[in-house]
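*Asks:* Got a sequence here, can you model it:
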Amino acid sequence: MSHRLNCWTLEELPRLNRAILSRGAPCETLTEALNTQVLPHLAADPADYARQEARQVTVLLGMWGSACVRHYVEQRRVPVSDTSDLFAHLDVHGIPFRAYLARVAALTGAGHPDRDTYVSYFHWNPPTVHIDWAGQRWSAPGVFGDGQVRTHTGDPRERELLLFVKRAEAVELAANDLIEPLLHEPFPAEKSIARMTAAAGLLDAVHRIFAEFTRMPPERRMSAEFFTDTWRQFTNHWEAGDYPPSGAADVEFIARDLILGLDVPDYLSYVRRLFPALLRDGQARLSRLMGATPLPRLVLERSGLSPEALRDASREKLAAIAAAHPTVTACYLLLAQNVRVATAHLNFARRFVFDLRRSRDSDGLPDTAVMSSRIGSTGIRESFMEELKNGRRHHPLTPFEQLRRPALTALVAAPPRLPLDEIVSIGA
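*Replies:* Okay, the predicted model is just below:
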């Protein structure tokens with residue numbers, strides 16, 4: 001059953017979307033196809049789905065729903081704030097579309113809502129990503145096992161975007177997995193240094209994944225116009241106040257903020273507002289980390305140092321502290337890599353969303369109809385992203401910025417800088 005619907009999503013969904021976007025076909029083209037070609041082939045009783053198949057069907061239902069929302073809003077059939085009339089035209093064996101999706105999503109065991117999410121689209125949809133580092137392996141599994149990426153457009157740029165996001169977050173997962181245990185128990189100095197330098201090396205790999213994405217061959221290289229006007233309009237709201245698929249729901253990025261510390265007013269309130277976009281495990285993990293003492297403060301305490309001692313120290317004194325306390329040095333280098341990743345993340349948003357919007361505003365061009373390009377999907381503004389980036393840079397170990405990076409790196413046994421294809425691989 002799911003094989004047939006998966007093939008339809010891989011081939012027919014992009015064709016129909018292109019027909020509506022490029023050739024002016026009415027939005028009803030898609031809902032009619034769903035009602036006649038697809039929804040009748042779903043299980044009459046959602047309870048028939050085992051967990052893995054329920055996750056597959058949740059991905060498909062979510063993508064179908066978002067595609068319908070996009071077309072109906074753009075063609076003025078429903079307002080962006082209320083798509084209930086649209087979903088009233090879709091049912092599965094007499095069960096309303098969202099009610100059916102809710103019943104299937106409940107069988108995933110993940111606390112998935114009755115709409116698509118960051119996890120279903122970016123994690124479950126693409127193939128499994130494996131991370132290999134220093135004899136350890138981490139995996140971010142997909143749910144289909146076919147090596148394919150389901151897209152709205154059939155465009156290789158959308159496929160590359162999904163793989164880029166999943167690869168980057170899988171590496172972030174590995175980095176976080178190495179350093180989070182340091183919050184709970186004082187490892188011997190050598191092991192603490194090894195974990196922090198390994199995590200810094202992995203964050204360097206994340207930064208390289210960002211750079212690699214922007215240097216794709218022309219036929220696979222993302223443009224701001226495609227990102228904003230074509231792809232992003234499929235990652236939409238299904239009702240006012242909900243949380244559509246968005247990079248703002250990257251649990252690993254948020255978890256690392258909480259592990260390393262981020263002194264930005266209202267940040268924890270912002271994270272809590274994202275909880276409806278997260279699955280149960282992600283919510284529990286972030287709730288646990290919200291109460292933890294950030295790693296830089298723990299490292300200083302365990303070394304018998306204070307933030308004030310670093311703040312008031314001369315460059316020569318800082319160099320002496322770095323040499324005498326390699327755990328502090330390793331922690332600073334980890335924080336510095338985190339800043340590089342945060343800067344790449346902000347530059348990505350500016351390049352593909354905000355800069356284009358500024359240019360269009362200066363030309364008097366209207367905003368995109370479904371998903372505004374003046375704010376992020378969850379309402380985050382560019383100014384707040386800038387504030388978060390600056391917050392990641394200003395931490396208890398910031399005074400070490402006065403010292404040359406190579407000199408600090410020489411004080412810790414940093415791992416070699418491996419090629420990306422030796423770290424990240426796509427598997428079954």
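
*Asks:* what's the helix or strand for the residue in the chain sticking out farthest from the centre?
*Replies:* Within the chain, Glu316 marks the point farthest from the mean C-alpha position, 40.6 Å out by CA atoms, centre = their mean. Here Glu316 sits within helix 315-324, counting by DSSP states H and E.

*Asks:* Quick one: name whatever helix or strand follows that helix.
*Replies:* Along the chain past helix 315-324, the next helix or strand (assigned with DSSP H and E) turns out to be helix 326-349.

*Asks:* which residues sit against the following helix or strand past that following helix?
*Replies:* Remark: after helix 326-349, the chain's next helix or strand is helix 355-362, criterion DSSP H and E. With contacts defined as CB atoms under 8 Å, 6 or more residues apart in numbering, helix 355-362 is touched by Ala224, Glu225, Thr228, Pro366, Asp367, Ser373, Arg374. Just so you know, the C-beta spots here come from the backbone N, C-alpha and C atoms, and that holds for glycine as well.

*Asks:* again, but for stretch 62-70
*Replies:* Identification of contacts with stretch 62-70 by CB under 8 Å, 6+ apart yields 9, 13, 16-17, 27, 30-31, 34, 38, 78, 83, 86-87, 90, 97-98, 101, 115-117, 120-121, 125, 150, 152, 233-238, 244-245, 370.

*Asks:* what's the answer for stretch 380-396, then?
*Replies:* Stretch 380-396 is contacted from outside by 248, 257, 260-264, 267, 270, 296-297, 300, 307, 310, 335, 338-339, 342-343, 345-346, 349-350, 354, 374-376, using CB under 8 Å, 6+ apart.

*Asks:* Now a ChimeraX select for only the buried ones of these.
*Replies:* To isolate the buried members of these in ChimeraX, using 16 or more other CB atoms under 10 Å:
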select :248,257,260,261,262,264,267,270,296,297,300,310,335,338,339,342,345,346,349,350,354,375,376
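
*Asks:* helices and strands around the helix holding Glu316, which ones?
*Replies:* Helix 315-324 sits against helix 307-311, helix 326-349, with contacts defined as 3 or more CB pairs under 8 Å, 6 or more residues apart in numbering; DSSP states H and E.

*Asks:* From the contact counts, what lies against the first one?
*Replies:* I take that to be helix 307-311. helix 295-302, helix 315-324.

*Asks:* just for the protein, where's the confidence low?
*Replies:* Confidence mapping of the chain against pLDDT under 70 gives the ranges 1, 377, 428.

*Asks:* For it, just list every one of the strands.
*Replies:* If DSSP state E is used as the criterion, the strands of the chain fall at 91-92, 95-96, 128-133, 136-140, 424-427.

*Asks:* So for Val412, which of the helices and strands packed on helix 315-324 sits nearest?
*Replies:* Among the helices and strands packed on helix 315-324, the nearest to Val412 by CB to CB is helix 326-349 (4.7 Å).

*Asks:* How far does that closest one sit from its chain's centre?
*Replies:* Mean C-alpha position of helix 326-349 versus that of the full chain (CA atoms, centre = their mean, to the nearest Å) differs by 17 Å.

*Asks:* before we move on, what about stretch 11-27?
*Replies:* Relative to its chain's centre, stretch 11-27 lies at 27 Å (CA atoms, centre = their mean).

*Asks:* Residue nearest the middle of the chain, spatially speaking?
*Replies:* Central residue of the chain (CA atoms, centre = their mean): Asp250, at 3.4 Å.

*Asks:* Test my guess that that residue contacts Tyr118.
*Replies:* Yes - between Asp250 and Tyr118 there is a contact under CB atoms under 8 Å: 7.2 Å.

*Asks:* Can you check which helix is longest in this structure?
*Replies:* helix 189-214 (DSSP state H).

*Asks:* Does it pack against any helices or strands, and if so which?
*Replies:* When contacts are defined as 3+ CB pairs under 8 Å, 6+ apart, helix 189-214 sits against strand 128-133, helix 156-179, helix 326-349, helix 420-423.

*Asks:* Residues in contact with stretch 293-308: which ones?
*Replies:* Stretch 293-308 is touched from outside by 179, 182-183, 186, 192, 258-261, 310, 321, 325, 327-328, 331, 335, 395-397, with contacts defined as CB under 8 Å, 6+ apart.

*Asks:* Buried ones among the residues you listed?
*Replies:* For these, a burial check counting by 16+ other CB under 10 Å picks out 179, 182, 192, 258-261, 310, 321, 325, 327-328, 331, 335, 395-397.

*Asks:* and Ser22, how many residues sit next to it?
*Replies:* Ser22 has 9 neighbours, counted by other CB atoms under 10 Å.

*Asks:* What separation is there between it and Trp231?
*Replies:* Distance of Ser22 to Trp231, computed by CB to CB, to the nearest Å: 14 Å.

*Asks:* Check Leu356 too.
*Replies:* From Leu356 over to Trp231 the distance is 13 Å, taken as CB to CB.

*Asks:* do Trp138 as well
*Replies:* From Trp138 across to Trp231, the span is 27 Å (CB to CB).

*Asks:* for Leu403, same thing?
*Replies:* Applying CB to CB, the value for Leu403 to Trp231 is 42 Å.

*Asks:* Which members of the contacts of stretch 62-70 are positioned in helices?
*Replies:* Those of the contacts of stretch 62-70 mapping onto helices are Thr9, Leu13, Leu16, Asn17, Leu30, Thr31, Leu86, Phe87, Phe97, Arg98, Leu101, per DSSP H.

*Asks:* Leu30 is in contact with the third one, correct?
*Replies:* Pointing back at Leu16 there. Yes - if you go by CB under 8 Å, Leu16 and Leu30 touch, sitting 5.2 Å apart.

*Asks:* So which of the two has more stuff around it?
*Replies:* Per other CB under 10 Å, whichever of Leu16 and Leu30 has more neighbours is Leu30, with 24 against 21.

*Asks:* Neighbour-wise, give me the winner out of the contacts of helix 355-362.
*Replies:* Ser373 leads these on contacts (other CB under 10 Å) with 22 neighbours.

*Asks:* residues touching that one, list them.
*Replies:* By CB under 8 Å, 6+ apart, the residues touching Ser373 are Thr228, Arg232, Val353, Phe354, Leu356, Arg357, Arg360, Asp367.

*Asks:* Now the first one. Nearest residue, chain neighbours left out?
*Replies:* Distances taken as CB to CB, 6 or more residues apart in numbering place Ser373 nearest to Thr228, at 5.0 Å, with adjacent residues excluded.
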